[in-house]
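Engineer: Sequence and predicted structure are below.
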Amino acid sequence: MQIFGAQNDSDLSFLQQHARLAISEFEKIFGQLSKDIKIDLNSSNCLRVGYNYTDQLIYFCSNKSVINMGLNSSDVIYHETFHAMFCQKFPHTCTTDFLDSIDHRATHEALADFFAQQISQDEEFGENFYTDKKAIRSYATKLCYALVTGSHEKGNALVSHLIEKNHSWLDKDTWFDLEKFRIRTEESSKDICFAKSSALEISIKPTNASYSSLNRYRLTPSGILFLSASMNDAVLKRFPDFSIRFEVNDTEKFIISSIDEKTFAVKPLVTEGFSTSSALFLNGNDLVGRIPFYFGIKIK
């Protein structure tokens, strides 16, 4: 293991302790590594904490929302070290072309999370990482793989499945197909959420503006954007208590109100600005999916 830019002995000691544990556990599963794992602390090249597939470096760096560059979270050390080790063992899974697939990226995230969970043996991933949150996420979730868009949330859904089925790395050959690079779920769960071509269809489109496939919309200060949701029967069959709710990140700039269960009104509260939002898919009180929206305000 090579560590660049160590700040102090306590940071270095904690990082070395947990990175070495990760290496030891990984080698029990996949065999001995041939090269050192490289870790860079507070580099000027670091935009966020994580493993950089191109540089083949694990980066930890300062951020106002992150505690001590992320070095206080053993889970994050296990997770990022796993990425580095897995890419060393199986470099064909870490090329730019390979990672162009959202399913491949989600599988990477799921494997790294599951690796951390099997070491920590607790319920939450990433304690002591964020300044304003207890943890980054819970391992167990009700998220439906087909109803989330990001690699971490899709990975979270896969990890939750592995935990629910009481899998471990000892039986990895029953749930992980390295050749196809996928976590087997549909054979054992028969769940439409994990089907290769999901039949779950949800659409949210504006009724008074042009549709954006990226869900990016610009409003005038006095304008209101109306959004209409639709879903097919497969959604309602899989989630009998299905509903949609919007969550706005910056409530000082926008308000999104429900006109009825399938119609929503987006109203600006300022004359200029930008905010992200999410359409939350619920089954009763359980969050089962989400898609991001981006709203901007500008005077014509």
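Structural biologist: Structure received. Numbers count the residues shown, from 1 in each chain.

Engineer: Compute the distance between D97 and D233, please.
Structural biologist: 37 Å (Cβ to Cβ, to the nearest Å). Every residue, glycine included, has its C-beta placed from N, CA and C.

Engineer: what bridges to the residue lying closest to K142 once chain neighbours are set aside?
Structural biologist: The spatially closest residue to K142, leaving aside those adjacent along the chain, is D286, at 4.1 Å (Cβ to Cβ, 6 or more residues apart in numbering). Using DSSP bridges, the beta-bridge partners of D286 come out as N283.

Engineer: Same question for the one 4 residues further on.
Structural biologist: Each beta-bridge partner of R290 is listed here, defined by DSSP bridges: L280.

Engineer: was I right about it contacting S278?
Structural biologist: Yes: using Cβ atoms under 8 Å, R290 makes contact with S278 at a distance of 4.7 Å.

Engineer: between those two, which one's more packed in?
Structural biologist: R290 (20 against 17; other Cβ atoms under 10 Å).

Engineer: residue contacts, that one?
Structural biologist: Contact partners of R290, counting by Cβ atoms under 8 Å, 6 or more residues apart in numbering, are L147, V148, T149, E153, S278, A279, L280, F281.

Engineer: and with 10 Å instead?
Structural biologist: Under the criterion of Cβ atoms under 10 Å, 6 or more residues apart in numbering, the neighbours of R290 are 143, 147-150, 153, 244-245, 247, 278-282.

Engineer: quick one: it and H18, what's the gap?
Structural biologist: 31 Å.

Engineer: before we move on, what about D260?
Structural biologist: 51 Å.

Engineer: Looking at the contacts of R290, spot the one nearest A209.
Structural biologist: Nearest to A209 among these, counting by Cβ to Cβ, is A279 at 16.0 Å.

Engineer: In this structure that closest one contacts S258, no?
Structural biologist: No: counting by Cβ atoms under 10 Å, A279 sits too far from S258 to count as a contact (11.5 Å).

Engineer: Neighbour count for the two, which is higher?
Structural biologist: A279 (20 against 13).

Engineer: Tell me how many other residues surround the residue nearest to that one when sequence neighbours are not counted.
Structural biologist: Spatially, and ignoring its direct neighbours in sequence, A279 is nearest to I291 (5.2 Å; Cβ to Cβ, 6+ apart). Neighbourhood size, I291 [other Cβ under 10 Å]: 17.

Engineer: Contact partners for I291?
Structural biologist: Taking Cβ under 10 Å, 6+ apart, one finds 147-150, 202, 204, 215, 244, 277-281 in contact with I291.

Engineer: and what of A140?
Structural biologist: With Cβ under 10 Å, 6+ apart, A140 has these contacts: Q117, E123, E124, N156, V159, S160, H161, I163, E164.

Engineer: try 6 Å
Structural biologist: Residues counted as contacts of A140 (Cβ atoms under 6 Å, 6 or more residues apart in numbering) are S160, I163.

Engineer: What average pLDDT does stretch 172-183 get?
Structural biologist: Averaging pLDDT along stretch 172-183 yields 91.

Engineer: rewinding a little: could you measure from the residue nearest to A279 over to A146?
Structural biologist: I291 is 11 Å from A146, by Cβ to Cβ.

Engineer: just to revisit the earlier point, can you redo the contacts of R290 as a markdown table with distance to K180, pLDDT and secondary structure?
Structural biologist: Shown next, in a markdown table, are the contacts of R290 (distance: Cβ to Cβ, whole Å; pLDDT from 0 to 100; DSSP: H, G, I helix; E, B strand; the rest coil):
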| residue | distance to K180 | pLDDT | secondary structure |
| --- | --- | --- | --- |
| L143 | 22 | 95 | coil |
| L147 | 23 | 95 | helix |
| V148 | 21 | 95 | coil |
| T149 | 22 | 92 | coil |
| G150 | 22 | 92 | coil |
| E153 | 22 | 95 | helix |
| I244 | 34 | 97 | strand |
| R245 | 36 | 96 | strand |
| E247 | 35 | 94 | strand |
| S278 | 31 | 96 | strand |
| A279 | 31 | 97 | strand |
| L280 | 32 | 97 | strand |
| F281 | 28 | 97 | strand |
| L282 | 32 | 97 | strand |
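
Engineer: Noted, bye for now.
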